[in-house]
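> Have a look at this fold, sequence not included:
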């Protein structure tokens, strides 16, 4: 219980600071855009590289990862199917699918793992799966659908290698897999730069709330509510069903996978939406509403399975 409330309190305070900065115009007219570009092109790649370079990649080979992968695919698949039927477009459908299944495993998942699950490393499988598998694929789809995919086939196939988020992730995995030792004078500056990522994302998110209407209204109401329902209820329910019915997990291991699946949509999804200029309101509203909804959901899960 304490971990859930502590994690949300930290996020809420930083977002409120961003809102105050936006209301006062302290960062100027383009403050949000600068923070978004800083996070996307510099800080987030550095953060992902330093995290993955030190990660134990053996954690990805586990039944917990399979539950995470399948529940992620189930939630995202439902949104994609509806998006195709409703003709929301590739960009909007991709952002919505991410909001339906991409969990906040970093700045919220880590404190909750520490206080609720008792071990921060338990979020590593979902973190690595999202960084190594989901993010490069999703950003490649956004690249190819956004007009930047023109040119010869070989150039289009190399699209992931031109994305800073994907490059940072893949470079970190390579260092970890090969056992290379990065000297301190190189790693320390990257760590310092990477530490800007989460605050920059949260501040930009807070600034984006200035002058905005209440979430879940307007033309994006249906995709927003669908993504929130899938993220807050559909994905953890799918994780529970898979963990119990297919993989026979119980006790602490069952609690681990259900809690991580019930985490809200990650704030960096708004950075992706802003960087590609697609589904920004969908991402913003989905993140905000899923974060609010996840508080009672996580409390109930902890009470029932803890």
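Sure, I can see it. No experiment lies behind these values; they were computed from the predicted model shown.

> which residues of the stretch 101-250 of the chain score low on pLDDT?
106-108, 110-111, 114-116, 118-121, 124, 146-162, 211-217 (pLDDT under 70).

> any idea where the helices of it begin and end?
Taking DSSP state H, counting those that start in this stretch as the criterion, the stretch 101-250 of the chain carries its helices at 109-112, 124-129, 135-145, 153-157, 164-178, 184-194, 197-208, 221-229, 235-245.

> Columns mean neighbour count on top of those helices, output as JSON lines?
Quick note: C-beta positions are derived from backbone N, CA and C, even for glycine. Formatted as JSON lines, the helices of the stretch 101-250 of the chain follow (neighbours: other Cβ atoms under 10 Å):
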{"stretch": "helix 109-112", "mean neighbour count": "23"}
{"stretch": "helix 124-129", "mean neighbour count": "24"}
{"stretch": "helix 135-145", "mean neighbour count": "20"}
{"stretch": "helix 153-157", "mean neighbour count": "10"}
{"stretch": "helix 164-178", "mean neighbour count": "19"}
{"stretch": "helix 184-194", "mean neighbour count": "14"}
{"stretch": "helix 197-208", "mean neighbour count": "24"}
{"stretch": "helix 221-229", "mean neighbour count": "21"}
{"stretch": "helix 235-245", "mean neighbour count": "21"}
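
> Can you say which of those is nearest to residue 264?
Nearest to residue 264 among those is helix 221-229; the distance by Cβ to Cβ comes to 8.9 Å.

> angle of the closest one against helix 235-245?
40 degrees (axes from the mean of the first three to the mean of the last three Cα atoms, to 10 degrees).

> List the contacts of helix 221-229.
Here helix 221-229 makes contact (Cβ atoms under 8 Å, 6 or more residues apart in numbering) with 79, 82-83, 86, 88, 92, 96-97, 99-100, 215-216, 265, 281-282, 285-286, 289-290, 293.

> circling back to that earlier point, export the helices of the stretch 101-250 of the chain as a markdown table, with columns for distance to residue 25.
Output for the helices of the stretch 101-250 of the chain, formatted as a markdown table (distance: least, Cβ to Cβ, whole Å):
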| stretch | distance to residue 25 |
| --- | --- |
| helix 109-112 | 32 |
| helix 124-129 | 36 |
| helix 135-145 | 30 |
| helix 153-157 | 41 |
| helix 164-178 | 29 |
| helix 184-194 | 27 |
| helix 197-208 | 10 |
| helix 221-229 | 28 |
| helix 235-245 | 38 |
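
> Quick one: closest of these to residue 38.
Closest approach to residue 38 among the helices of the stretch 101-250 of the chain (Cβ to Cβ): helix 197-208, 5.4 Å.

> Could you name the helices and strands sitting against that closest one?
Counting contacts by 3 or more Cβ pairs under 8 Å, 6 or more residues apart in numbering; DSSP states H and E, helix 197-208 is packed against helix 2-24, helix 31-38, helix 44-53, helix 268-276, helix 280-305.

> Deepest in the core, which of those is it.
Of the helices and strands packed on helix 197-208, the one with the most neighbours on average (mean count of other Cβ atoms under 10 Å) is helix 268-276, at a mean of 25.

> Quickly note the distance from residue 68 to residue 236.
As judged by Cβ to Cβ, to the nearest Å, residue 68 and residue 236 stand 11 Å apart.

> okay, and the common contacts of those two?
Contacts common to residue 68 and residue 236, judged by Cβ under 8 Å, 6+ apart, are residue 261.

> who's in contact with residue 74?
234, 235, 238.

> Spatially nearest residue to the first one (excluding sequence neighbours)?
Translated: residue 234. Once flanking residues are discounted, residue 234 sits nearest to residue 75: 5.1 Å by Cβ to Cβ, 6 or more residues apart in numbering.

> That neighbour - how many residues pack around it?
Applying other Cβ atoms under 10 Å, we find 28 residues neighbouring residue 75.

> so it sits right up against residue 98, yeah?
No - taking contacts as Cβ atoms under 8 Å, residue 75 lies outside contact range of residue 98: 10.1 Å.

> Contacts only, for the residue nearest to residue 234.
Applying Cβ under 8 Å, 6+ apart, the residues near residue 75 are 100, 101, 230, 231, 234, 235, 238.

> Out of those residues, which comes closest to residue 176?
Looking across the contacts of residue 75 and measuring by Cβ to Cβ, the closest to residue 176 is residue 101, at 24.7 Å.

> The closest one contacts residue 231, correct?
Yes - the pair residue 101 and residue 231 qualifies as a contact (Cβ under 8 Å) at a distance of 6.8 Å.

> Compare those two (neighbour count), which wins?
Neighbour totals were compared for residue 101 and residue 231, and residue 231 leads with 33 against 27 (other Cβ under 10 Å).

> so who does the more buried one touch?
75, 99, 100, 101, 103, 264, 265, 286, 290, 293, 294.

> try 6 Å this time
By Cβ atoms under 6 Å, 6 or more residues apart in numbering, the contact list for residue 231 reads 100, 265, 290.
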